[in-house]
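# no FASTA, just this:
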């Protein structure tokens, strides 16, 4: 009966997927026909000739009025949409879309020997070093020479170092003394501390954790490898070692975020997809040069981000910062007055907060969201987060709190993705991009030696670049959009220490993406939590110069010779403030 039910459920699932694909295909074909009609209308031809490969006839310069240029631009935009719809239909049919053929690199200077080399012809960083000078020698063997003549003179030794690694099972039998006192009490010797975790040595446990979380080796391959080296262990044991009993690591991860936010002037943030138990989810990264912290949740809203910043606290606070945020978000004056007049200022937990909102007459979803965001922000600031903390993102709306800075690399992509259709537009686009990247270089120079005079000059230069008008209407609109983000793009003029881009966050989160590609989605709550925890610990160890392998051995064995990562973050921040 179970088999029949499973088969029927699978049939229903496949039928639904088939029907969805057919509906999408039908919608795409309709959009394609609409695009063909629009192109035909612009060309003054029928749809059949519009969809052919004939080029648009060239229009003389004297006939290219502003209206004609706008029509040409719309025509090329429709052609792009036309091709995108064709690609979508091909994908729905299981065919390959039009290939994206990159331009030839035959004219690339790097292919003609024009690379970044030193005057002596060597690449930067290629200087030789002694590979064995700092090696720890574990064993020394003397090798006798063969067929040495009797009158030869001994001249000492020529050293030859060989690096190797020993991977084999090492089983230890501990014979615990057992005594019986005259009173009949049994006394048994205790196992030494830091020797074993449930009959498995701490080095073996550390090795399993390292292989899974650092080297991204899957559980079946770890199990197969251990069996090959004669370790008697089951799949269940491997799974439990990876995901269970990790409260010490979870606590240290929580401390990383608390201390990191406390000592930092800015943080980089980003998120990526993180499916869990067959459902879509998201993993948020918060970090900078001192730490990296990951947390997977079911949402990527601003409420979710504020809950992450709130860390281990669960309260909602109505303080001046919370009310100011609600006012800035244009919460109804009547509702804002009710919250301001409310005698209770702190609410323990989500249930109590939602009950309070309901009692005050909050029913609209938008009003509840704004009030919740404000109360969460109030809690974040109440628990010691710097109100002038800079949040650097790629312009995702959920991160727009406190002092929000934008990534210049992402901002420039709105210009870079434009497709000009004549020489004048290509020239205008190239000129705009050149001005932007020259300005970017000036910002980098300002970070090194900031001054009020340079700040005023750069602000005026920004207006000049992003308020300029060109012959390319779409470019003008893109520049205008960037100009509206002036305060966020130029926050570096107020805080020269913050980065100009969000590459650090994208680089950190790439580790999580690699793990996701190898192991897929998580299933259990413990598995999801451990993936976040060990990704945070691993990346933070790397930033602090701590060997993740030594860290795992230290924590699993309970030696605790390596200081808490939160304390190391505090020490590093005192030396190199961020």
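Everything's here; your move. Just so it is clear, the structure is predicted and the values come from calculations on it, not from any experiment.

# where exactly do the strands run in the protein?
Applying DSSP state E to the chain gives strands spanning 178-180, 186-188, 196-197, 200-201, 266-273, 282-287, 292-297, 315-317, 346-348, 390-393, 403-406.

# so which of these gets nearest residue 252?
strand 292-297 (11.2 Å; C-beta to C-beta). C-beta: built from backbone N, CA, C; applies to glycine.

# strand partners of that closest one, parallel vs antiparallel please.
strand 282-287 (antiparallel) (DSSP bridges).

# the partner strand: how far from the chain's middle?
On the basis of C-alpha atoms, centre = their mean, to the nearest Å, strand 282-287 sits 6 Å off its chain's mean C-alpha point.

# coming back round to it: residue 239: which of the strands of the chain is closest?
Nearest of the strands of the chain (C-beta to C-beta): strand 200-201, 13.3 Å.

# partners of that closest one in the sheet?
Going by DSSP bridges, the partners of strand 200-201 are strand 196-197 (antiparallel).

# skipping adjacent residues, who's closest to residue 395 in space?
Spatial nearest neighbour of residue 395, excluding adjacent residues (C-beta to C-beta, 6 or more residues apart in numbering): residue 406 at 5.4 Å.

# again with residue 552
residue 206 (4.2 Å).

# contact partners for the nearest residue to residue 325 once chain neighbours are set aside?
Spatially, and ignoring its direct neighbours in sequence, residue 325 is nearest to residue 374 (4.3 Å; C-beta to C-beta, 6+ apart). Under the criterion of C-beta atoms under 8 Å, 6 or more residues apart in numbering, the neighbours of residue 374 are 318, 322-323, 325-326, 329, 331.

# with pLDDT and neighbour count added, can I get those in JSON lines?
Below are those laid out as JSON lines (pLDDT from 0 to 100; neighbours: other C-beta atoms under 10 Å):
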{"residue": "318", "pLDDT": "93", "neighbour count": "23"}
{"residue": "322", "pLDDT": "93", "neighbour count": "25"}
{"residue": "323", "pLDDT": "93", "neighbour count": "18"}
{"residue": "325", "pLDDT": "93", "neighbour count": "21"}
{"residue": "326", "pLDDT": "93", "neighbour count": "25"}
{"residue": "329", "pLDDT": "92", "neighbour count": "15"}
{"residue": "331", "pLDDT": "91", "neighbour count": "21"}
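
# count of neighbours near residue 492?
When counting by other C-beta atoms under 10 Å, one arrives at 25 neighbours for residue 492.

# number of residues surrounding residue 205?
Neighbours of residue 205 (other C-beta under 10 Å): 19.

# hmm, it is touching residue 241, no?
Yes - Residue 205 is within contact range of residue 241, at 5.7 Å (criterion: C-beta atoms under 8 Å).

# can you list residues touching both of those two?
residue 197.

# distance of the residue nearest to residue 395 from residue 484?
11 Å (C-beta to C-beta, to the nearest Å).

# next one: residue 295
31 Å.

# and those two? Which one has more around it.
Just comparing residue 295 and residue 484: by other C-beta under 10 Å the higher neighbour count belongs to residue 295, 25 against 10.

# tell me the contacts of the more buried one?
283-284, 308, 532.

# that one pairs with what?
residue 284.

# gap between the residue nearest the centre of the chain and residue 154?
Geometric centre of the chain, nearest residue: residue 509, 2.6 Å, by C-alpha atoms, centre = their mean. Counting by C-beta to C-beta, the gap from residue 509 to residue 154 is 61 Å.

# again, but for residue 356
Taken as C-beta to C-beta, the span from residue 356 to residue 154 is 90 Å.

# these two - which one has more neighbours?
Of the pair residue 356 and residue 154, residue 356 is the one with more neighbours under other C-beta under 10 Å, namely 18 against 7.

# find the nearest non-adjacent residue to that one, please.
Closest residue to residue 356 in three dimensions, ignoring its sequence neighbours and counting by C-beta to C-beta, 6+ apart: residue 347, at 5.8 Å.

# residue contacts, that neighbour?
Contacts of residue 347 (C-beta under 8 Å, 6+ apart): 315-317, 353, 356, 375.

# and the pLDDT at the residue nearest to residue 395?
Confidence at residue 406, expressed as pLDDT, is 94.

# show me what it bridges to in the sheet.
residue 393.

# adjust the sequence numbering to begin at 15 for everything that follows.
Renumbered: residue one is now 15, and that last one reads residue 420.

# how many residues are close by it?
If we define neighbours as other C-beta under 10 Å, then residue 420 has 25 of them.

# of the contacts of residue 388, closest to residue 406?
residue 339 (19.7 Å).

# does the closest one touch residue 387 like I think?
Yes - between residue 339 and residue 387 there is a contact at 6.7 Å, judged by C-beta under 8 Å.

# and the closest residue to residue 406 other than its chain neighbours, what does it touch?
In space, and not counting its chain neighbours, residue 406 is closest to residue 419: 4.6 Å by C-beta to C-beta, 6+ apart. Residues in contact with residue 419 (C-beta under 8 Å, 6+ apart) are 280, 404-407, 502-503, 505-506, 509, 512.

# try 10 Å
280, 282, 404-407, 413, 499, 501-506, 508-509, 512-514, 516 (C-beta atoms under 10 Å, 6 or more residues apart in numbering).

# so what's residue 146 scoring on pLDDT?
71.

# oops, could you answer that again for residue 435 instead?
Residue 435 is assigned 79 on the pLDDT scale.

# any idea how far residue 445 is from it?
For residue 435 relative to residue 445 (C-beta to C-beta), the value is 16 Å.

# more neighbours: those two, which one.
Using other C-beta under 10 Å, the more surrounded residue of residue 435 and residue 445 is residue 435, with 16 against 13.

# any idea how far the more buried one lies from residue 232?
49 Å.

# now swap in residue 245 and tell me
Residue 245 is 17 Å from residue 232, by C-beta to C-beta.

# next one: residue 329
In terms of C-beta to C-beta, residue 329 sits 41 Å off from residue 232.

# higher neighbour count, those two?
Using other C-beta under 10 Å, the more surrounded residue of residue 329 and residue 232 is residue 329, with 18 against 13.

# least confident secondary structure element in this structure?
helix 61-64 (a mean of 44; mean pLDDT, DSSP states H and E).

# so residue 412 sits right up against residue 314, yeah?
Yes - using C-beta atoms under 10 Å, residue 412 is in contact with residue 314, at 5.9 Å.

# so what sits against both of these two?
Joint contacts of residue 412 and residue 314 (C-beta under 10 Å, 6+ apart) are 285, 296, 298.

# OK, contacts around the residue nearest to the first one when sequence neighbours are not counted?
Pointing back at residue 285 there. Distances taken as C-beta to C-beta, 6+ apart put residue 298 closest to residue 285, at 4.6 Å, once the chain neighbours are dropped. Contacts for residue 298 were tallied using C-beta under 10 Å, 6+ apart; they are 283-286, 288, 307-311, 313-314, 318-319, 322-323, 412-413, 519, 523, 546.
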